[in-house]
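Chemist: Structural data only, the sequence is not supplied:
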């Protein structure tokens with residue numbers, strides 16, 4: 001099966017006709033269809049398919065118990081109305097790279113596995129990389145059980161409704177001990193490769209990043225009869241905090257985004273009693289990130305005090321700076337450097353990935369494929385087919401260099 005035919009087969013799953021974006025949320029119907037597609041691709045190639053205790057899918061070539069396996073893959077879930085490439089490009093490319101290597105007639109000397117990590121985007125339960133975090137022991141069973149979606153459905157309930165047993169979730173050091181290297185291919189979420197004119201790049205590091213929840217609590221009241229002077233409107237403090245986040249990030253050379261909001265009672269003619277906003281912030285180093293988030297929180301508290309609003313700030317997730325394994329990164333550069341027609345720069349990224357989560361447990365590396373617009377987490381996300389094919393070829397070269405020596 002060619003890259004193009006696999007891509008065309010996966011493309012309609014979970015696509016929203018109104019927005020043109022994808023709603024492939026964890027343990028939903030669209031997620032089940034994506035999982036069925038992954039399993040079918042594995043079985044069509046004679047690979048051994050399995051689902052681990054945390055709901056991640058694996059397709060094995062060779063004996064998993066032999067150890068020192070080379071693993072590649074990514075995820076198939078999406079953000080709300082996200083693009084087609086973030087995650088799926090890495091999964092489709094992993095199958096296409098295996099096909100390429102079989103076409104070359106290579107002989108594998110190490111086990112090879114392809115993986116689809118569950119709930120990477122965190123769109124449903126508010127925490128990114130749930131599948132890899134559980135596997136790496138960075139999310140405890142107790143924390144996972146407390147995760148709920150917007151309808152109050154817990155993660156275990158969602159897994160059970162989808163036909164999976166949630167009782168076994170948790171750290172999986174035995175599985176990680178089988179892996180000698182993990183290489184994730186991903187569409188670039190930025191324009192560095194487009195600006196440099198390169199099709200493929202190697203990741204150097206992931207910026208430290210996190211998510212903070214700001215709860216502004218005021219007093220619900222009638223929008224038409226309550227004097228402005230008598231209001232305790234949390235929306236005012238929230239709006240001022242959004243602007244403060246932009247200022248703090250701009251001053252520090254970082255990024256900060258309030259992209260999600262929940263309002264109670266959420267009536268057109270009602271002053272809110274609660275405005276809950278989620279801040280996503282990322283920076284090139286920890287000190288800068290601390291400065292930005294600290295500045296946003298300080299401003300929020302000042303605004304809340306001025307309007308008679310109570311404020312709670314909760315850090316819901318955090319990932320420190322991730323330096324990808326230098327030896328593995330250098331090996332990727334050496335392997336790809338043999339292709340004189342492919343210049344492969346090394347670049348950092350502000351986006352989190354499963355490879356970043358696993359980097360504390362096993363050697364990991366990443367390849368990026370050019371994104372000509374730089375747009376991501378949007379239906380406008382894009383990568384040209386010839387660049388995708390170049391990514392497949394680069395991934396195949398890397399897997400051959402790592403697993404066929």
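Modeler: Received, thanks. Remember, predicted model here, so these are calculated numbers, not experimental data.
Chemist: residues touching residue 159, list them.
Modeler: Under the criterion of CB atoms under 8 Å, 6 or more residues apart in numbering, the contact list for residue 159 reads 27, 55, 165, 166, 169. Glycine gets a C-beta too; all of them are placed from N, C-alpha and C.
Chemist: Narrow these to those that are buried.
Modeler: The neighbour-count criterion (16 or more other CB atoms under 10 Å) marks 27, 55, 166, 169 among these as buried.
Chemist: quick one, what contacts the first one?
Modeler: Contacts for residue 27 were tallied using CB under 8 Å, 6+ apart; they are 55, 119, 124, 155, 158, 159, 161, 162, 164.
Chemist: Check for me that it belongs to a strand.
Modeler: No - counting by DSSP: H, G, I helix; E, B strand; the rest coil, residue 27 is located in no strand; its state is coil.
Chemist: Mind pulling the model confidence for it?
Modeler: On pLDDT, residue 27 comes in at 97.
Chemist: Also the third one?
Modeler: Looking at residue 166, its pLDDT is 94.
Chemist: With adjacent residues omitted, what lies nearest to it?
Modeler: Spatial nearest neighbour of residue 166, chain neighbours left out: residue 156 (3.6 Å); criterion: CB to CB, 6 or more residues apart in numbering.
Chemist: Quick check, that neighbour in contact with residue 165.
Modeler: No - counting by CB atoms under 8 Å, no contact exists between residue 156 and residue 165, whose distance comes to 9.4 Å.
Chemist: Please, where are all the strands along the stretch 151-300 of the chain?
Modeler: Across the stretch 151-300 of the chain, reading from the start of the chain, the strands by DSSP state E, counting those that start in this stretch fall at 179-187, 200-206, 209-217, 221-222, 255-264, 270-271, 274-282.
Chemist: Could you list every helix and strand in contact with the third one?
Modeler: It refers to strand 209-217. Identification of packing neighbours for strand 209-217 by 3 or more CB pairs under 8 Å, 6 or more residues apart in numbering; DSSP states H and E yields helix 234-252, strand 274-282, helix 286-306, strand 310-319.
Chemist: Tell me the strands beside that strand, with direction?
Modeler: With DSSP bridges as the criterion, the sheet partners recorded for strand 209-217 are strand 274-282 (antiparallel), strand 310-319 (antiparallel).
Chemist: would you turn the ones you listed into TSV with mean neighbour count and distance to residue 329?
Modeler: TSV is the format used below for the strands paired with strand 209-217 (neighbours: other CB atoms under 10 Å; distance: least, CB to CB, whole Å):
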stretch	mean neighbour count	distance to residue 329
strand 274-282	22	21
strand 310-319	15	18
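Chemist: hey, least reliable of those strands by pLDDT?
Modeler: Least confident of these, judged by mean pLDDT, is strand 310-319 with a mean of 93.
Chemist: can you pull the buried residues of stretch 325-339?
Modeler: With burial defined by 16+ other CB under 10 Å, the residues of stretch 325-339 counted as buried are 325, 328, 329, 331, 332, 335, 336.
Chemist: Kindly provide the distance from the fourth one to residue 359.
Modeler: So that's residue 331. Distance of residue 331 to residue 359, given as CB to CB, to the nearest Å: 15 Å.
Chemist: quick one, helices of the chain?
Modeler: For the chain, the helices defined by DSSP state H cover 3-10, 29-44, 88-104, 130-136, 141-146, 155-161, 173-177, 192-196, 234-252, 286-306, 326-336, 354-358, 385-403.
Chemist: ok so, going back, next, format the buried residues of stretch 325-339 as a markdown table and append pLDDT.
Modeler: Conversion of the buried residues of stretch 325-339 to a markdown table gives the following (pLDDT from 0 to 100):
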| residue | pLDDT |
| --- | --- |
| 325 | 93 |
| 328 | 96 |
| 329 | 94 |
| 331 | 95 |
| 332 | 95 |
| 335 | 94 |
| 336 | 93 |
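Chemist: just curious, which of these is nearest to residue 103?
Modeler: Closest to residue 103 out of the buried residues of stretch 325-339 is residue 335 (18.2 Å), distances taken as CB to CB.
Chemist: Now for the closest one: which residues touch it?
Modeler: Counting by CB under 8 Å, 6+ apart, residue 335 makes contact with 397, 398, 400, 401, 402.
Chemist: Run a quick neighbour tally on the nearest residue to the last one once chain neighbours are set aside.
Modeler: Across the structure, with CB to CB, 6+ apart as the measure, the residue nearest residue 402 apart from its sequence neighbours is residue 70 (4.8 Å). Residue 70 is surrounded by 24 other residues when neighbours are defined as other CB atoms under 10 Å.
Chemist: what bridges to residue 314?
Modeler: Beta-bridge partners for residue 314, by DSSP bridges, are residue 213.
Chemist: Run a quick check on it versus residue 276, I expect a contact.
Modeler: No - taking contact to mean CB under 8 Å, the distance of 10.0 Å between residue 314 and residue 276 leaves them out of contact.
Chemist: Which neighbours do the two have in common?
Modeler: 213, 215.
Chemist: what's the burial count for the nearest residue in space to residue 200 that is not next to it in sequence?
Modeler: Excluding the flanking residues, the one nearest residue 200 by CB to CB, 6+ apart is residue 394, at 4.7 Å. Burial measure for residue 394: 26 neighbouring residues, criterion other CB under 10 Å.
Chemist: and residue 394, how far is that from residue 116?
Modeler: Relative to residue 116, residue 394 is positioned 20 Å away (CB to CB).
Chemist: Quick check: can you name the pairing partners of the helix or strand bottoming out on mean pLDDT in the chain and their directions?
Modeler: The weakest-scoring helix or strand in the chain, judged by mean pLDDT, DSSP states H and E, is strand 346-349 (a mean of 85). Listed by DSSP bridges, the sheet partners of strand 346-349 and their directions read strand 200-206 (parallel).
Chemist: what does the strand it pairs with rub up against?
Modeler: Residues from elsewhere that reach strand 200-206 (CB under 8 Å, 6+ apart): 188, 192-193, 319, 321-324, 329, 332-333, 336, 342, 344-353, 355-356, 365-370, 387, 390-391, 394.
Chemist: quick one: that strand to helix 326-336, angle?
Modeler: Interaxial angle of strand 200-206 relative to helix 326-336 (axes from the mean of the first three to the mean of the last three CA atoms, to 10 degrees): 170 degrees.
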